[in-house]
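Participant: could you look at this predicted model? Sequence included:
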Amino acid sequence: MTNPVYVAIDTTEAARAISLAERLKGQVGGFKLGLEYFTANGPAGMEAVSGLGMPLFVDLKLHDIPNTVAAAMKGVVRLGAAITTIHASGGGAMIRAAVDAANDEAARLGMVPPAVVAVTVLTSLDQAGAEQVGFDRPVLDQVKRLAALAQESGAAGIVCSPLEVEAVRALCGPDFKLVIPGIRPAWSEAGDQKRFLTPAEARAKGADVLVIGRPITGAADPAEAAGRIKAELGL
Ligand SMILES: O=C(O)c1cc(=O)[nH]c(=O)n1[C@@H]1O[C@H](COP(=O)(O)O)[C@@H](O)[C@H]1O
């Protein structure tokens with residue numbers, strides 16, 4: 001069984017990212033690089049990590065008018081993303097434009113298109129935080145609403161917390177890709193994550209991908225920490 005863990009390599013330093021990637025290569029299923037790394041290192045920096053031959057999750061959480069997101073998504077395809085994020089709250093037209101642009105650019109270049117997944121409610125938001133930005137219903141209902149919109153707009157899946165996985169699976173079916181951050185082994189700190197569960201709990205609820213950053217990258221021995229998570233998942 002493949003390892004569902006994508007390690008979030010959240011650093012501005014390319015040398016540290018490459019060193020972490022090389023050390024973690026056999027302990028995880030893929031690497032996620034996001035805004036912190038991309039704004040400091042750009043496409044060349046992404047290439048330095050993707051060149052290590054592991055699946056790359058390009059997490060830029062695109063959120064803009066459809067025209068802008070479509071154009072940006074073509075650049076994401078050229079980075080060789082296996083998975084990439086947009087924000088569902090950009091609306092159905094934006095989601096559809098992102099997916100179509102990913103498929104068109106991949107076809108033009110003879111590449112496999114990335115799985116475009118839509119972020120629903122950030123795992124750093126609890127109920128109060130969600131209401132602060134106008135999500136005036138229970139977080140679970142907001143996640144389900146955005147998951148349904150993402151699916152009907154052509155997204156391959158969504159990003160939500162482990163707490164919503166079972167409800168979204170029941171709503172969206174077995175093939176919708178549930179990419180789940182807010183993963184905290186019992187031995188790790190919550191930090192700014194407000195909605196979280198352990199790797200084993202998230203997997204048992206049906207998460208397809210587990211996104212884990214600081215519990216691995218912030219450990220004294222990241223490879224050992226990733227190995228402990230692998231063992232917790234029975235891999
Ligand atoms: O899209 C994401 O990956 C994401 C969505 C979300 O709701 N919450 C969330 O934490 N993430 C990302 O998942 C990773 C979690 O990192 P840690 O909190 O260090 O495990 C970070 O890179 C976040 O950008």
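Facilitator: Received the coordinates, thanks.
Participant: and the residue in the chain positioned nearest to the ligand, how many neighbours?
Facilitator: Relative to the ligand, the nearest point of the chain is G213 (2.5 Å; Cβ to the nearest ligand atom). Glycine gets a C-beta too; all of them are placed from N, C-alpha and C. When neighbours are defined as other Cβ atoms under 10 Å, G213 has 19 of them.
Participant: over to S124?
Facilitator: 15.
Participant: ok, A170 next?
Facilitator: A170: 10 neighbours (other Cβ under 10 Å).
Participant: got the CA coordinates for the helix or strand hosting it in PDB?
Facilitator: Element membership for A170 (DSSP states H and E) is helix 165-172. Provided in PDB are the C-alpha atoms of helix 165-172 (Å, rounded to 0.1, in the frame of the first residue of the first chain):
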ATOM      1  CA  VAL A 165     -13.800  13.400   6.400                       C
ATOM      2  CA  GLU A 166     -16.600  10.900   7.000                       C
ATOM      3  CA  ALA A 167     -19.400  13.400   6.200                       C
ATOM      4  CA  VAL A 168     -17.700  14.500   3.000                       C
ATOM      5  CA  ARG A 169     -17.100  10.900   2.000                       C
ATOM      6  CA  ALA A 170     -20.800  10.100   2.500                       C
ATOM      7  CA  LEU A 171     -21.700  13.200   0.400                       C
ATOM      8  CA  CYS A 172     -19.200  12.900  -2.400                       C
END
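Participant: neighbouring contacts of the helix or strand just after it?
Facilitator: Following helix 165-172 in sequence order, the next helix or strand is strand 177-180 (DSSP H and E). With contact meaning Cβ atoms under 8 Å, 6 or more residues apart in numbering, strand 177-180 is reached by 6, 57, 83, 85, 115, 117, 156-162, 165, 168-169, 202, 206-211.
Participant: can you select the buried ones from these in PyMOL?
Facilitator: To isolate the buried members of these in PyMOL, using 16 or more other Cβ atoms under 10 Å:
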select buried, resi 6+57+83+85+115+117+156+157+158+159+160+161+162+165+168+169+202+207+208+209+210+211
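Participant: show me which of the contacts of strand 177-180 neighbour the ligand.
Facilitator: For the ligand, the contacts drawn from the contacts of strand 177-180 by Cβ under 6 Å from any ligand atom are T85, V159, V211.
Participant: how about the strands in the protein?
Facilitator: Assignment of strands within the chain using DSSP state E yields the ranges 5-8, 30-34, 56-62, 83-87, 115-119, 157-159, 177-180, 209-212.
Participant: turn these into JSON lines, including mean pLDDT.
Facilitator: As requested, these are exported to JSON lines (pLDDT from 0 to 100):
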{"stretch": "strand 5-8", "mean pLDDT": "98"}
{"stretch": "strand 30-34", "mean pLDDT": "98"}
{"stretch": "strand 56-62", "mean pLDDT": "98"}
{"stretch": "strand 83-87", "mean pLDDT": "98"}
{"stretch": "strand 115-119", "mean pLDDT": "99"}
{"stretch": "strand 157-159", "mean pLDDT": "99"}
{"stretch": "strand 177-180", "mean pLDDT": "98"}
{"stretch": "strand 209-212", "mean pLDDT": "98"}
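Participant: let's have the ones you listed in TSV, adding distance to I18.
Facilitator: Shown next, in TSV, are these (distance: least, Cβ to Cβ, whole Å):
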stretch	distance to I18
strand 5-8	13
strand 30-34	10
strand 56-62	13
strand 83-87	20
strand 115-119	24
strand 157-159	25
strand 177-180	24
strand 209-212	19
